[in-house]
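Q: Structure for the following, please:
(2 chains)
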Amino acid sequence: MGVAQPSRTAQAVRGPSWDGRFTVLILFLPPALVLFTLFVVLPIGEAAWYSAFNWNGFGKPTNWIGLDNYRFVLETRAFWLALRNNGLIIAVSLCVQLPLALALALMLAERFRGAVALRMLFFMPYILAEIATGLIFSFVYDGDYGLVASIWRSFGADPPHLLASTDTAMLAVLIVIVWKYFGFHMMLFIAALQSIDKSLVEAARIDGATRAQSLRHVVIPLLYPTIRLSVFFAVVGSLQLFDLVMPLTRGGPADSSNTMVSFLYNNGISRMRVGYGSAIGVILFVICVTFAFTYKRWFMRDE
Amino acid sequence: MSNAETTRAPFDPAVPFKAVFLATVAVFVLVPLLATLLGGFKSLGELRVNPFGLPQHWEWQNYAEILFSGRYWQLLRNSLIISTLTVALTLIVASMAAFTFAHVRFFGSSMLLSYLTLGLLFPAATAVLPLFIKVRDLGLLDTYFGVALPQVAFSLAMSVLLLRRFFKDIPYELLEAALVDGCSYVKFFRYVTLPLSRPILATVGTITFVNSWNAYLLPLVMLNTDALYPWPLGIMVYQGEYSSEWHLILAFITLTILPTITLFLLAQKHIVAGLTSGAIKG
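A: Numbers count the residues shown, from 1 in each chain, chains lettered A, B, ... in the order given. Predicted coordinates for the structure are as follows:
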């Protein structure tokens, strides 16, 4: 590329020259900035704009209705159900998935035969597509052919249709979430455990701490940054969960297993209600950004 | 515990407990996967009475029919095209931007970098309706690029951060010396930075590939033609058509996750490093 080459004399006088830097700036930055602005930043701004219209996406938005779309969203029962479900997902991530991941990490960070194989096995669900995972479990839960049904029948009971009942659908989804994501959090903890200075733990043991004590007072405190990070991912992941819900329940029955994004899809996108859907998007955006900023300010100040 | 062992280490009650615990979790993870694989070899009737065990008659034609249909290969081809486009564009665009942020000092550099990292704060789903309208107005609806370009845009933030941190570790003296010798920034990038950065390029490429390969929402919104569908869309259509013929659906699922699992076994190191360390330091 001859374009970028400044003349030799200028180079000799000024060393690394401004001309060279200028070329890089106008060649290297714009593609990223343009793509990012066009497909990430502008759509968010436009979502705020469109959310003030009653618009089906064709022609120009003209039917200005102010904040009515937000009022409609907030008056929808399904919205609050979706929000509650996102809350449930976060609760299960914190109370079930995180302790499970941590316990497994503590066991598998040690070296023994099979440890690496088990790590890989537990991590594998994480790389499977959500769609495939959802379909696999819609088979597992299937009331006629599924694994759960067959266990039920072996006890002589009538197999339930877990995904078709408003009482059990969300519970079934939650179990799949743990199945799919605990391995990711486990790997985070294993990576953190392996970077812990072993001499700290040894020092505690030499000073007479039992294994439980050294775990509680040395290892776990050293893992706090990773635990905070794991919580962060659990919350962010819950707020964008969609692919997994679609093959399992599509958010049903009766909206009982919607997440925020599947609610957005079912009510905004699939019916092309651009204004209404954009309002949901903006609400979700505000939740995500508020959470990210407050969490970073309160819990991850040092990172 | 035998005597020989107890002399080496005192009996530890935690060991059998651990073993049972690990085995339980392993069963929890494995059973759905194995049942899917084996279910594809059964007939529908057998599946109903024997969903767990090995098939009594191995029905190879469930798999064979899918493998010999054009449909399966078309889905994989579409997925491969979209993912390859996404990975190639992400690597090119992100590494150029990351190089600038790492090595070129200019006014507004840190401001522009924080601007890009805004992308980490919210998921693509929030703005998917306006994104759909934008892609439509650009005439990209129902094209591979209509899916790939937004995917690139949303993977930029993380990719630029990961690449920039790696690029920064390349000694500045190396760049200075090259510049004095008359090498341009662009040539330095092409002939020094990129070859030195293969590990991080592989990591970023793998994360982007896995994300794009598994993506569902963006293709669902941007594509209308069956012939362009990547496999997550195609398998949902397939499931809709064969609604309760589970033996066929299970075979189809197995065949579609096979590439992912193969890639995982081949590139474990990059995938685990990318998905976890990328997350930690992002």
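
Q: switch to C-alpha atoms for all contacts and neighbour counts from now on
A: OK.

Q: Okay, domains of chain A per the record?
A: A:2-50, A:77-299 (automatic domain parsing).

Q: Can you say which of those domains is packed in most?
A: Most buried of these by mean neighbour count (mean count of other C-alpha atoms under 10 Å in any protein chain shown) is domain A:77-299; its value is a mean of 19.

Q: May I have the distance across it, first residue to last?
A: One end of domain A:77-299 to the other measures 33 Å (C-alpha to C-alpha, to the nearest Å).

Q: in chain A, what residue is nearest chain B?
A: Closest residue of chain A to chain B, C-alpha to the nearest C-alpha: residue A:281 (4.2 Å).

Q: if we can go back for a sec, kindly report which one of the domains of chain A carries the lowest mean pLDDT.
A: Lowest mean pLDDT of the domains of chain A: domain A:2-50, a mean of 75.

Q: can you put the domains of chain A in CSV and add distance to residue B:79?
A: Formatted as CSV, these follow (distance: least, C-alpha to C-alpha, whole Å):
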stretch, distance to residue B:79
domain A:2-50, 21
domain A:77-299, 12
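
Q: so the residue of chain A closest to chain B makes contact with residue A:49?
A: No. Between residue A:281 and residue A:49 there is no contact under C-alpha atoms under 8 Å: 11.6 Å.

Q: Could you list the buried residues of the strand or helix carrying residue B:209?
A: Residue B:209 is part of helix B:198-214, with elements assigned from DSSP states H and E. For helix B:198-214, burial by neighbour count (16 or more other C-alpha atoms under 10 Å in any protein chain shown) applies to B:200-214.

Q: Among these, which ones lie close to chain A?
A: Filtering the buried residues of helix B:198-214 for proximity to chain A by C-alpha under 8 Å from any C-alpha of the partner chain leaves B:210, B:213-214.

Q: residues touching the closest residue to residue A:123 other than its chain neighbours, list them.
A: In space, residue A:123 comes closest to residue A:183 once its chain neighbours are excluded; the distance is 4.3 Å by C-alpha to C-alpha, 6 or more residues apart in numbering or on different chains. Contact analysis of residue A:183 by C-alpha atoms under 8 Å, 6 or more residues apart in numbering or on different chains lists A:101, A:119, A:122-126.

Q: In a markdown table: those residues, plus secondary structure.
A: Below are the contacts of residue A:183 laid out as a markdown table (DSSP: H, G, I helix; E, B strand; the rest coil):
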| residue | secondary structure |
| --- | --- |
| A:101 | helix |
| A:119 | helix |
| A:122 | helix |
| A:123 | helix |
| A:124 | helix |
| A:125 | helix |
| A:126 | helix |
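
Q: returning to what we had before: for whichever helix or strand the residue of chain A closest to chain B is part of, the distance to its chain's centre please.
A: Using DSSP H and E, the element containing residue A:281 is helix A:274-299. Computed by C-alpha atoms, centre = their mean, to the nearest Å, the chain-centroid distance of helix A:274-299 equals 14 Å.

Q: which helices and strands does that helix pack with?
A: If contacts are counted by 3 or more C-alpha pairs under 8 Å, 6 or more residues apart in numbering or on different chains; DSSP states H and E, helix A:274-299 sits against helix A:42-50, helix A:68-75, helix A:220-239, helix A:260-264, helix B:128-137.
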